[in-house]
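Student: Predicted model follows, preceded by the sequence.
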Amino acid sequence: QSKQDEDVSASRFEDNEELRYSLRSIERHAPWVRHIFIVTNGQIPSWLNLDNPRITIVTHQEIFQNVSHLPTFSSPAIESHIHRISGLSQKFIYLNDDVMFGKDVWPDDFYSHSKGQKVYLTWPVPNCAEGCPGSWIKDGYCDKACNNSACDWDGGDCIGKMTMLNLEKVSCAVGGIGNVPPWQFGAGISGVSYCNQGCANSWLADKFCDQACNVLSCGFDAGDCGQDHFEEMYKVMLQLNQTYYVIPKGECLPYFSFSEIAKKGIEGSYSDNPIIRHASVANKWKTIHLIMHSGMNTTVIYFNLTFLNKNDEEFKMQIAVEVDTREEPKLNTTSVQKSNSDFKSVTSVPEAEMIFEDIPEEKRFPRVRRRRNGTKESVPEEMIIPSVNVSLLPEDVQLALQKLDLKLLNGDITQKGYNLSKAALLRPFQFLTTVESLGKKGMHNHSEDQKNHSSWEKPYKDVNDGKIKTVKANEEVPSRFMGTKETVVTMSTNKHIYKVQPKATLPSQSMGKRDETREKVLNALILRETQKSKHTGNFDTGEGAQGMEGGKGHEQVDANIKEGLVGRKLQSYAGSYQGFLPWEKKKYFQDLLDEEESLLKQMSYFTEGKHFGRQLKDTFADSLRYVNKLLNSKFGFTSRKVPAHMPHMIDRTVMQELQDMFPEEFDKTSFHKVRHSEDMQFAFSYFYYLMSAVQPLNISQIFDEVDTDQSGILSDREIRTLATRIHELPLSLQDLTGLEQMLINCSKALPANITQIHVIPPTQEAYYDPNLPPVTKNLVTNCKPVTDRIRKAYKDKNKYRFEIMGEEEIAFKMIRTNVSHVVGQLDDIRKNPRKFVCLNDNIDHNHKDAQTVKAVLRDFYESMFPIPSQFELPREYRNRFLHMHELQEWRAYRDKLKFWTHCVLVTLIVFTVISFFAEQLIALKRKIFPRRRIQKEVGHERIKV
């Protein structure tokens, strides 16, 4: 299935109602969640209660900054915008619809104020190239498998002058216990850096239980996964009065217990030895774990250990361990370990007497060719190089021989391969000299040819009871010996063509007393003489020779001889040998072989060249490699793991910082319509940015830490504290006086407006040295010699606190179409409930069992979460609209209708009130707003008439 088909397959869009049960799990196991935002492309589940105030559907148009990127079906593109949801809290939990809670979950399962973000990691990031593990990149050695652009040319190791590790450098770098063994040069052997598939040696004893390392070959992660399986490894009790220990032959995974002599291991080192894969101390179990390579000779490993006894007193111990990891032939015995003992007792298991029947010799397989006493085994024919004059060969053959000699000289091929290849090149020309000599001497006489002809027929008659089988010309007769078709050498004598076999002498290798092998030898001799007849057939005389000379007969014999040569050539390949076993002869598995051949033929048409388009099978793995390469360029090369598919707590500020660091990459991710190999994987990029971001050293904060009285000026005591931070202990007088002299020099060199010493009252701090000025924050932060010492002593700290968690509370199940397998997976979740459960749909929905698997899945959901949540509608109700734009249009129409309805209603009410209460309203109006009376002025003068 191609990458495109995988990204748009039905399993990515089929709805198994996971969202319904995911909401039920949130309500049951995480009731502290205040609000739930469901991001969709506008779809509305038919059962979702949109009237619930705690739930909101968010469309892509609301969160995408560039709306031209829509529509999109790429989950990384959608995830890169979810932190922009309006109303989202500063720290929010993000989960897919196929993720749910299996047990009670609380915020401190994601984040704690004391240890910070909790990061759940699972399997390692795929290698940047095949055969190039992450531990090889930028290790100072140019590894051929990593020397490509995908691996950044081995992290720069293959750019310019190679910095190869030498033995002197390695022998000096004797590793401490718990470190990566120093003898690993990156020699290109995958088994050296990995004790198990997916478990690098650097992951052992890293205080994290890696499931890939929790196997016997890795010593069960050197104690990181508990001590439940320690009884499967060889145990040695350390004694104070014993310094030499011998590990039984074949034991590669011993561990030493110091529980009787000490309560804690402080430090340790071991001698450089190539047999050691890993060594570490597990103080939790009071054990020392030694993991070695198998198949290595007897050697002695020396350990220098420092322990803390029960009285909290340190004591050192040197021990020597003799080991031999070559496997010893094991008898049919059972080992029983006695309790409280380091020795294994061996008890023989009684075996039932078995009677074997004698099988006749002619029925026994395989048949071994035996040699007579005193004879030597002959060299195989294909290994014999014919003696041919090279100057008479064609130019292309001479050129091929020169290239072959060059390959042998450069060591590209072995001597055996050289002989085989050269013999194959010269075999068609081995009778070249004979042909020339025959051409000079003339033809053979006809009687000699007839004599040879009669002698050729005799072996065939012996095999077929004296009867000559006649076949038509150019017919292929099936071989009764090899199980393949064999081309017949024909001679034009009569209307019928007689099948003949050439006379030949038996080779130097004798067939022994068994007659069955004679048939196989004869069959081989036929083809050998067939090749010889190619060079001698043209010189036959008689009737047959005349027919050949005429042209038609010559072409016929020559064509058949060429076919015979092809048969001889094919017989040298192992593929033409059908085998001797009964099921191989009967071809019981021929259908499977034909199917494999057909599949290989189909796969031959696929190409990975960029010119034809690189069709990769796993887009997710490619995007992980892409993001890992970006992180390597920013934060350096290191081995990384993929975060678990589970709910993640995301900080909006951290996510915005990440996108500000890779703006173009996130914009490309947002542009992709479906999943792409250059997507920024949401959880992977977020958590590794959070774990890799570094807080630059702030000198002002260092001053505040040392200034314990918060006076702004360092006293003599506080200056001594600063000296202990920037110098090695024990402090000497020169260290203190040197620091004070630096401060005095800076106070004199720096201007007063920077140090602000003159502002400080002289009586605030009194120093033992009267020349020492008040040590203010400005003086310390601007004094370069002091700040250089501080930067050298202090390392850059992580910007964000975090804690690496294990996989104990994660259940990730890939649901496929196998019903019985799915039932087993779901029963495992029922038996061992985890906090975070993910059932990833990888069902082939075109398969006949797909509906059965979906029914089993639905039954599991109902058994885990049978009670409907408050976010669901009652069973008898369904949402009227199944898309947000329909709902929004209806809401807009409803709001308009409501507005105009209210307007009309208000108008009617107004008219009604006016009609029925007109007089009262007028009276009320007159009462509230009385009419003003206008008084006319009356003149005192009378009007005369």
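Tutor: It's in.
Student: In this structure, where is pLDDT below threshold?
Tutor: 1-13, 160-192, 329-357, 364-382, 431-580, 604-617, 756, 758-759, 761-765, 932-945 (pLDDT under 70).
Student: Now do the end-to-end distance for stretch 209-223.
Tutor: Distance across stretch 209-223, first residue to last, is 8 Å (CA to CA, to the nearest Å).
Student: neighbouring contacts of that stretch?
Tutor: Taking CB atoms under 8 Å, 6 or more residues apart in numbering as the criterion, the residues outside stretch 209-223 that touch it are 122-124, 195-199, 203-205, 224-226, 228-230, 232-233, 253, 255, 278, 280, 282, 284-285, 287, 289, 291, 806-808. Any C-beta I mention is one placed from the backbone N, CA and C, and that applies to glycine too.
Student: Separate out the buried members of these.
Tutor: Among the contacts of stretch 209-223, those that count as buried by neighbour count (16 or more other CB atoms under 10 Å) are 122, 124, 195-196, 199, 203-205, 224-225, 230, 233, 253, 255, 278, 280, 282, 287, 289, 291, 806-807.
Student: And the next helix or strand past the longest helix along the chain?
Tutor: If you go by DSSP state H, the chain has its longest helix at helix 884-916. Sequence-wise, the next helix or strand downstream of helix 884-916 (DSSP states H and E) is helix 918-928.
Student: what's the distance between the residue positioned nearest the centre of the chain and G134?
Tutor: When the chain is reduced to its mean C-alpha position, the nearest residue by CA atoms, centre = their mean turns out to be P126, at 3.1 Å. To G134, P126 is 10 Å away according to CB to CB, to the nearest Å.
Student: I'd assumed T325 was in contact with M296.
Tutor: Yes: M296 is in contact with T325 according to CB atoms under 8 Å; the separation is 4.9 Å.
Student: Which neighbours do the two have in common?
Tutor: Between them, M296 and T325 share the neighbouring residues I275, with contact defined by CB under 8 Å, 6+ apart.
Student: neighbour-wise, which of those two wins?
Tutor: T325 (19 against 16; other CB atoms under 10 Å).
Student: In contact with that one, which residues?
Tutor: Each residue near T325 by CB under 8 Å, 6+ apart is listed here: 250-252, 275, 292-296.
Student: Specify which member of these is nearest to R20.
Tutor: Of all those, the one with the least separation from R20 (CB to CB) is C252, at 51.6 Å.
Student: can I assume the closest one is in contact with M292?
Tutor: Yes: because the distance of 4.8 Å satisfies CB under 8 Å, C252 is recorded as touching M292.
Student: outside of stretch 827-836, which residues touch it?
Tutor: For stretch 827-836, the surrounding residues in contact (CB under 8 Å, 6+ apart) are 29, 99, 101-105, 109, 120, 644, 646-647, 808-811, 813, 837, 860, 863-864.
Student: Let's see the distance spanning that stretch from one end to the other.
Tutor: 16 Å.
Student: now do stretch 83-103
Tutor: With CA to CA applied, stretch 83-103 spans 26 Å between its terminal residues.
Student: do the same with stretch 802-812
Tutor: Looking at stretch 802-812, the gap from its leading to its trailing residue is 23 Å under the measure CA to CA.
Student: Equivalent analysis for stretch 690-701, please.
Tutor: Stretch 690-701 stretches 22 Å from its first residue to its last (CA to CA).
Student: following the helix or strand containing N778, which helix or strand shows up next?
Tutor: Per DSSP H and E: N778 is located in helix 777-782. Moving toward the C-terminus from helix 777-782, the first helix or strand encountered (DSSP H and E) is helix 784-793.
Student: Could you list every helix and strand in contact with that following helix?
Tutor: Helix 784-793 sits against helix 699-706, helix 716-726, helix 733-749, helix 777-782, with contacts defined as 3 or more CB pairs under 8 Å, 6 or more residues apart in numbering; DSSP states H and E.
Student: In PDB, could you pull the C-alpha coordinates for it?
Tutor: Only the C-alpha atoms of helix 784-793 are listed here, as PDB (Å, rounded to 0.1, in the frame of the first residue of the first chain):
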ATOM      1  CA  LYS A 784      34.800  40.600  33.500                       C
ATOM      2  CA  PRO A 785      37.400  38.400  35.300                       C
ATOM      3  CA  VAL A 786      34.700  37.600  38.000                       C
ATOM      4  CA  THR A 787      31.900  36.900  35.500                       C
ATOM      5  CA  ASP A 788      34.200  34.700  33.400                       C
ATOM      6  CA  ARG A 789      34.900  32.600  36.500                       C
ATOM      7  CA  ILE A 790      31.200  32.400  37.300                       C
ATOM      8  CA  ARG A 791      30.300  31.300  33.700                       C
ATOM      9  CA  LYS A 792      33.100  28.700  33.800                       C
ATOM     10  CA  ALA A 793      31.800  27.300  37.100                       C
END
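Student: That concludes my questions; thank you for your assistance.
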